[in-house]
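**Q** Below are the sequence and a predicted model; questions follow.
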Amino acid sequence: MTEYDLRTKKALRRVALLEYGFGPETLQGRKICPACGRANRAHDTRCTDCGAALPETTLYDFYRSRHRCCPGCGVAVTDVAVYCPECGTRLPRTRGEKREAAV
Amino acid sequence: MAQTKRTAAYRCVTEPGGERIFRFYCDISGELRCVTRPVRAETEEEALTIAWETEGKLAFDRCRKCGRYVSSAMFNINAGQCMDCAPWEDEYPTFCHRCGVKLKEPDASFCSNCGARLQVGGTERKEGAEK
């Protein structure tokens, strides 16, 4: 498990999420076997269950591919965000916003 | 919510003795979450109901918005929705997502500059999160 300075609320919350099996760290540490669906560790190259070759990408890459992401730090952001809540980068407009602006 | 979805995605394997084993997968990532014990029933439908009710559904969270059954990794516990409907949000953001100001309070719920709610809890526009 990642080591955190547990004196901060943020770190405590991250640990709680890890225990639950949710959050960026969980996603970054997991790969799904395309053949059998078994969850493997991110550094595995073969599925521990069926031996099939695992993709390079983790669940985090998969998750990011389904969302709008910050061009600065790469975190997935909600559709309503104008600025990245992590690094403060101004985000490019979403497709819907562009359409609204054009009308 | 899509109320018609009864179970997570699954595959059924019928054993030589006629018993059926179900493998249930996360509706988003395809992660295998549960392999049931062999179930004996007259029809596959019946066996599916037994397998899902007794074992399968315990391995999943259901998105309250879209109704899909997903793994814990794909379920935003803070929003009660799947990661497609509500991407993960840092509970202690550094910047306001609406006005971009650097936040002074590490655990504030609202931006002290523009008043935006800092946790949106979903991908749809909501009161307090609009520009």
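**A** Perfect, thanks for sending it. Residues are numbered from 1 along each chain as shown, chains lettered A, B, ... in the order given.
**Q** Every contact and neighbour count from this point should use C-alpha atoms.
**A** OK.
**Q** Which stretches in chain A count as strands?
**A** With DSSP state E as the criterion, chain A has strands at A:30-32, A:39-41.
**Q** How about residue 57: what's its closest non-neighbour residue?
**A** You didn't pick a chain, so chain A it is. A:K31 (7.0 Å; C-alpha to C-alpha, 6 or more residues apart in numbering or on different chains).
**Q** could you do chain B instead?
**A** Nearest non-adjacent residue to B:K57 (C-alpha to C-alpha, 6+ apart): B:T7, at 7.4 Å.
**Q** try B:N78
**A** B:N78's closest residue in space is B:G121 (C-alpha to C-alpha, 6+ apart), at 7.5 Å.
**Q** ok, now A:E25?
**A** A:L18 (7.1 Å).
**Q** Residue 68: neighbour count?
**A** Using chain A. 19 (other C-alpha atoms under 10 Å in any protein chain shown).
**Q** Let me rephrase: I mean chain B.
**A** 23.
**Q** Quick check: the gap between the closest residue to it other than its chain neighbours and B:A86.
**A** Among residues not flanking B:R68 along the chain, B:R62 sits closest, at 5.6 Å (C-alpha to C-alpha, 6+ apart). Remark: distance between B:R62 and B:A86 (C-alpha to C-alpha, to the nearest Å) = 13 Å.
**Q** Over to A:C50?
**A** The separation that A:C50 has from B:A86, given C-alpha to C-alpha, amounts to 32 Å.
**Q** How about the contacts made by the closest residue to A:K10 other than its chain neighbours?
**A** Once flanking residues are discounted, A:K10 sits nearest to B:Y92: 6.2 Å by C-alpha to C-alpha, 6+ apart. Residues in contact with B:Y92 (C-alpha atoms under 8 Å, 6 or more residues apart in numbering or on different chains) are A:10, B:106-108.
**Q** quick one: which helix or strand includes B:V120?
**A** Following DSSP states H and E, there is no helix or strand that holds B:V120.
**Q** Look at it and report its pLDDT.
**A** We have a pLDDT of 77 for B:V120.
**Q** How many residues are close by it?
**A** By the criterion of other C-alpha under 10 Å, B:V120 has 24 neighbours.
**Q** Kindly report the same for B:G121.
**A** B:G121 has 21 neighbouring residues, counting by other C-alpha under 10 Å.
**Q** Against B:R20, how distant is it?
**A** From B:G121 to B:R20 the distance is 39 Å (C-alpha to C-alpha).
**Q** Stretch B:9-29 and chain A, are they touching?
**A** Yes. If you take C-alpha under 8 Å from any C-alpha of the partner chain as the test, stretch B:9-29 does meet chain A, through B:25, B:29.
**Q** who's in contact with that stretch?
**A** A:32, A:37, A:59, A:62, B:8, B:31-41, B:44, B:47-48, B:51, B:56, B:60, B:68-71, B:74.
**Q** Go again with 6 Å.
**A** If you take C-alpha atoms under 6 Å, 6 or more residues apart in numbering or on different chains as the criterion, stretch B:9-29 is touched by B:31-36, B:38-40, B:69-71.
**Q** which among those are in contact with chain A?
**A** Among the contacts of stretch B:9-29, proximity to chain A is found for B:31-32 (C-alpha under 6 Å from any C-alpha of the partner chain).
**Q** Which residue, other than its chain neighbours, is closest to B:D107?
**A** B:Y92 (5.5 Å).
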